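*Asks:* Take a look and give me a structure for this.
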Amino acid sequence: MEKFLVEGGGPLKGEVVISGAKNAAVAIIPAVILAEGPCVLENIPNISDVSYLFKILQELGARIRILNKTTVEVDASVIREPVVPYELTKNMRASYYFIGSLLGRYRRAEVAMPGGCNFGGVRPIDQHLKGFAALGANTDIDPGGIINAKAEELLGSHIYFDVVTVGATVNVMLAAVRAKGTTVLENVAKEPHIVDLANFLNSMGADIRGAGTDVIKIHGVEHLHGTTYSIIPDQIEAGTYMVAAAATGGDVLIRNVIPKHLESITAKLAAAGATVTEYDDAVRVTRTGPIRKISLKTLPHPGFPTDMQPQMTAMLTAAEGTSVVTEGVWDNRFKYVDELRRMGAHIQVDGRVAVVEGVRELTAAPVKATDLRAGAALIIAGLMASGVTEIEDIYHVERGYEDVVEKFSSLGAGIRKVSVPDHAAEKAI
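*Replies:* As a prediction, this is how the structure comes out:
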């Protein structure tokens, strides 16, 4: 078993370079199936979610060539069978994007229900299925959790999503780009990675307009060609280091970012007492005064991102006064609060609302990452705490953060990864 050991007490200082966006990469990688030639993807983050997606592509028959640490060539023009086995989907949610891409290319897909972070049960895919059905596909989920989708042909349609959903927006876009006629998607997600996916598909010859607004129009095309494309920087990774800098009273320059993508995070950090200076492709975060109490509600983009909620909550445990954090996207995203309480945090949760009463100091304790962003929050809490915090289940963190130990260490953080005997496994033997 591997753990992070995090020693708190010091401010973060220095520079950190942000990797390619996880949420864009996990949509764009399945999309290469739609191309009839090789695609070169640049600025790929070196994280486990990306590795799983490449394993799935290889299992399907795609040829993958690593050109350098951040650049990969994928030729998915010959897929043996449009079937993705459960063994390769159980660890990540984004595996369900293969339904849209396989359906768009081959008019058939067989993909097991996805895994990934669990925020209170299986993530619903009803809006995905609604979109596929509107395009002319028949879908069903068998008792083993396998999603089967088939279509004689895909026809453009007008689809209104009942809720704003990133997953369904991506999946239906992937299927619709090669449908006959025009597809209009309303009440769609507007996140930066939706725009990045649309730009990637357009670079292959798709005709998608309106990404980043409430309405996306897709004029279907018969063929999509290979392309070379560079993925946007990771908004959430950048936000995580921004919060870590503010939480520790540090001074950090965060490079390779798009400052506009960070505006909602910047605004809340400023309200909490940090100073954020924007440059063309970087931001600098400093804090010299106390952390101030704030009210925060997560919302679909351009609101405050749900993926930054745990990190901000960790910082607010040391604020002067009482902060209120409202989760406006997921039903159960406060599982990690019990772990922060082990470190001395005063947090009360009622449904989607957490009331955070600031304490003078957190104290190191053994904790577990309950999901990807919760793991990042525990690292931040560990950096704020006195003593050495042990974080278990760090595989969650490595799903979405490239070189997290190296990057934090470069900022002066006392963090390292260690391997320890798994006593539960030993007892089983």
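*Asks:* quick one: the nearest residue to Ala21 once chain neighbours are set aside and Asn171, what's the gap?
*Replies:* Taking Cβ to Cβ, 6 or more residues apart in numbering, and ignoring the residues beside it in sequence, Ala21 has Asp234 as its nearest neighbour in space, at 4.1 Å. Backbone N, C-alpha and C define where each C-beta goes, glycine included. Relative to Asn171, Asp234 is positioned 21 Å away (criterion: Cβ to Cβ, to the nearest Å).
*Asks:* Angles on the backbone of the closest residue to Gly212 other than its chain neighbours, please.
*Replies:* Residue nearest to Gly212 in three dimensions, not counting chain neighbours: Val195, with 4.5 Å by Cβ to Cβ, 6+ apart. Torsion angles at Val195 (phi, psi; degrees, to the nearest 10) stand at phi -60, psi -40.
*Asks:* try Arg63
*Replies:* phi -100, psi 130.
*Asks:* can you pull the contacts of it?
*Replies:* 74-76 (Cβ atoms under 8 Å, 6 or more residues apart in numbering).
*Asks:* now swap in Tyr279 and tell me
*Replies:* Each residue near Tyr279 by Cβ under 8 Å, 6+ apart is listed here: Pro259.
*Asks:* Identify all residues paired with Ile146 through a beta bridge.
*Replies:* With DSSP bridges as the criterion, Ile146 is bridged to Ala112.
*Asks:* Just the element for Leu102, please.
*Replies:* Applying DSSP states H and E as the criterion places Leu102 in helix 97-106.
*Asks:* Now that helix: average pLDDT?
*Replies:* Averaged over helix 97-106, pLDDT sits at 96.
*Asks:* And that helix, how far out from the chain middle?
*Replies:* 21 Å (Cα atoms, centre = their mean, to the nearest Å).
*Asks:* which residues are contacting that helix?
*Replies:* Outside of helix 97-106, the residues within contact range by Cβ under 8 Å, 6+ apart are 26-27, 30-34, 56, 79, 82, 84, 108-109, 111, 128, 132, 137, 147, 149, 151, 154, 167, 170-179.
*Asks:* Tell me the buried residues within the residues you listed.
*Replies:* Buried residues within the contacts of helix 97-106, counting neighbours by 16 or more other Cβ atoms under 10 Å: 26-27, 30-34, 56, 79, 82, 84, 109, 111, 128, 132, 137, 147, 149, 151, 154, 167, 170-179.
*Asks:* Where strands are concerned, which of the residues you listed count?
*Replies:* The subset of those located in strands under the criterion DSSP state E comprises 84, 109, 111, 147, 149.
*Asks:* got TSV for the residues you listed, with pLDDT and distance to Ala206 too?
*Replies:* Rendered in TSV, the data for these read as follows (pLDDT from 0 to 100; distance: Cβ to Cβ, whole Å):
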residue	pLDDT	distance to Ala206
Val84	89	23
Ala109	96	19
Val111	91	22
Ile147	91	24
Ala149	96	20
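*Asks:* so which of those comes closest to Gln348?
*Replies:* In terms of Cβ to Cβ, no member of those lies closer to Gln348 than Ile147, at 38.8 Å.
*Asks:* shouldn't that closest one be in contact with Phe132?
*Replies:* No - contact status for Ile147 versus Phe132: not in contact, 9.5 Å apart, counting by Cβ atoms under 8 Å.
*Asks:* Give the residues shared as contacts by these two.
*Replies:* Taking Cβ under 8 Å, 6+ apart as the contact rule, Ile147 and Phe132 both touch 99, 139.
*Asks:* Mind jotting down where the helices sit in the stretch 101-250 of the chain?
*Replies:* 126-134, 166-176, 192-203, 235-247 (DSSP state H, counting those that start in this stretch).
*Asks:* Ok, which of those comes nearest Leu224?
*Replies:* Counting by Cβ to Cβ, Leu224 lies closest to helix 192-203 out of those; the figure is 7.3 Å.
*Asks:* who touches the closest one?
*Replies:* Helix 192-203 is contacted by residues 21, 23-24, 27-28, 31, 34, 166, 169-170, 173, 177, 188, 206, 208, 211-212, 216, 224, 227-229, 231-232, 235, 258, 261, 301 when judged by Cβ under 8 Å, 6+ apart.
*Asks:* again with stretch 141-156
*Replies:* With Cβ under 8 Å, 6+ apart as the criterion, stretch 141-156 contacts 86, 96, 99, 102-104, 107-113, 125, 132, 135-140, 175-176, 178-184, 218-220.
*Asks:* which of these count as buried?
*Replies:* For the contacts of stretch 141-156, burial is judged from neighbour counts taken by 16+ other Cβ under 10 Å, and it is met by 96, 99, 102-104, 107, 109-113, 125, 132, 135-137, 139, 175-176, 178-179, 183-184, 218, 220.
*Asks:* give the contact list for Asn138.
*Replies:* The neighbours of Asn138, taking Cβ under 8 Å, 6+ apart as the test, are 149-151.
*Asks:* just Thr182 next, same as before
*Replies:* Taking Cβ under 8 Å, 6+ apart as the test, what Thr182 contacts is 156, 217-220.
*Asks:* will you turn these into CSV that also has pLDDT?
*Replies:* CSV is the format used below for the contacts of Thr182 (pLDDT from 0 to 100):
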residue, pLDDT
Gly156, 98
Lys217, 98
Ile218, 98
His219, 98
Gly220, 98
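*Asks:* Count the residues that sit near the residue nearest to Ala244 when sequence neighbours are not counted.
*Replies:* Nearest-residue entry for Ala244: Ile380, 5.0 Å, with adjacent residues in sequence omitted and distances by Cβ to Cβ, 6+ apart. Under the neighbour criterion other Cβ atoms under 10 Å, Ile380 is assigned a count of 30.
*Asks:* mind listing what Ile380 touches?
*Replies:* For Ile380, the contact set (Cβ under 8 Å, 6+ apart) comprises 240, 243-244, 247, 311, 314-315.
*Asks:* And for Val324?
*Replies:* The contact partners of Val324, by Cβ under 8 Å, 6+ apart, come to 295-296, 353-356.
*Asks:* Ile254: which of those is nearest?
*Replies:* The nearest member of the contacts of Val324 to Ile254, counting by Cβ to Cβ, is Leu296 at 20.4 Å.
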